[in-house]
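>>> Curious how this folds, go ahead:
(chains A and B)
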Amino acid sequence: MGGQACVSYGAAEFSRDVDLLLLADGANLSRLETALDDLGAEPVAVPSLDLGALQRGHAIHFRCQAAEGIRLDLMSVLRGVSPFPDLWARRTTLELDGEPIELLALPDLVEAKKTQRDKDWPMIRRLVEASYFDNRDRPTPELVAFWIEQLRTPELLIEVAGRQPESARRSERPAVRAALLGNLAAIDHALTEEQARVREQDRAYWAPLRAELERLRRVR
Amino acid sequence: MLPEPRHPIAIEDVAGPEWGEWYRMSPARRWAESAKLWAQYLDLGGSLDPEPDTQSPFFDAGAPGSIPAHGRAGVRLIRRGGV
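The predicted structure follows:
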């Protein structure tokens, strides 16, 4: 769901860890523990692997000694994103060397990347740009709606508003309204405000989880 | 209503030439190229630990420092040009 997915969708060149989203239930946890044993996975931070921690939205961090020491982060709940069964139903599957690679669908990945961290926002921009350039000559209603609500490139927002004005006029997004006027400065301003608002939402979401992590670190 | 642009915006105009080239690759090609970068990174002693990120909810100021993949000194900046 993380860097490897961003590589696949064109927004990153490289990731040095692996982030997996999984269904947090008892049977799956048992299978997961077997897989972690195979990888020589050792926990590297709090919390430890626990169904409740996953279901509350925590990430569980491992280093895999049997796989070059690679870091593995597991989550089950992502802020602002649908529950796991819905994400699984609409996932993207790549086949590489005969092996299936299951990825978050692009719109879900974009939502998951809307965090409080600076580094995620250029990634969102590239994820949507790559989708736009790859598909703008064969747009579907779903893609147009996705671009209108998620593009963070002012010039492309103006282009898509020009090509799809009816869809753009239905949007309540301030950046799209500015795009319909062709006003680059107003788009920039709207995107900055949009980002600040969402980052604040992410900080508020994580506040109780961070407090729990601090408590766990003190008793570690 | 805005007029239809006569010429669609080129990838390079908003993303630059390097990202333009990356966007044009297939996902499988990107994985292959990324795997090459991964191998080079490990050869150079790059660390597999996350970079400290104080904005991350997982940031732990008391966590031990990162360890290079091969145990030697990791990649570090020894000279920076102009900027």
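
>>> which residues are contacting stretch A:38-48?
Stretch A:38-48 is touched from outside by A:49, A:53, A:58, A:60-67, A:71-72, A:212-213, A:216-217, A:220, B:58, B:60, B:63, with contacts defined as CB atoms under 8 Å, 6 or more residues apart in numbering or on different chains. C-beta here means a position set from N, CA and C on the backbone, and glycine is covered the same way.

>>> Now, of those residues, which are buried?
Neighbour-count burial (16 or more other CB atoms under 10 Å in any protein chain shown) applied to the contacts of stretch A:38-48 gives A:49, A:53, A:58, A:60-64, A:71-72, A:212-213, B:58, B:60.

>>> and A:Leu143, what does it touch?
A:Leu143 sits next to A:131, A:135 when contact means CB under 8 Å, 6+ apart.

>>> Quick check: A:Ala53 touching A:Ile60?
Yes - shown here, A:Ala53 and A:Ile60 form a contact pair, counting by CB atoms under 8 Å, at 6.7 Å.

>>> Let me know the secondary structure of A:Thr93.
Three-state assignment for A:Thr93 (DSSP: H, G, I helix; E, B strand; the rest coil): strand.

>>> my guess is A:Asp19 is in a strand, correct?
Yes - judged by three-state DSSP, A:Asp19 forms part of a strand.

>>> How about it: which residues does it bridge to?
When assigned by DSSP bridges, A:Asp19 has beta-bridge partners A:Asp73.

>>> Which pLDDT does the model give it?
Listed pLDDT for A:Asp19 reads 96.

>>> Can you report how many residues neighbour the nearest residue in space to A:Arg199 that is not next to it in sequence?
Nearest residue to A:Arg199, sequence neighbours excluded (CB to CB, 6 or more residues apart in numbering or on different chains): A:Gln116, at 4.7 Å. Look at A:Gln116: counted by other CB atoms under 10 Å in any protein chain shown, it has 18 neighbours.

>>> what residues are up against A:Gln116?
The neighbourhood of A:Gln116, defined by CB under 8 Å, 6+ apart, consists of A:199-200, A:202-203, A:206, B:55, B:57.

>>> helices and strands around the lengthiest helix in chain A, which ones?
Longest helix in chain A by number of residues (criterion: DSSP state H): helix A:184-219. With contacts defined as 3 or more CB pairs under 8 Å, 6 or more residues apart in numbering or on different chains; DSSP states H and E, helix A:184-219 has these neighbours: helix A:154-163, helix A:174-180.

>>> What's the mean pLDDT across the longest one?
Spelled out, that is helix A:154-163. Per-region confidence: helix A:154-163 scores 98 on mean pLDDT.
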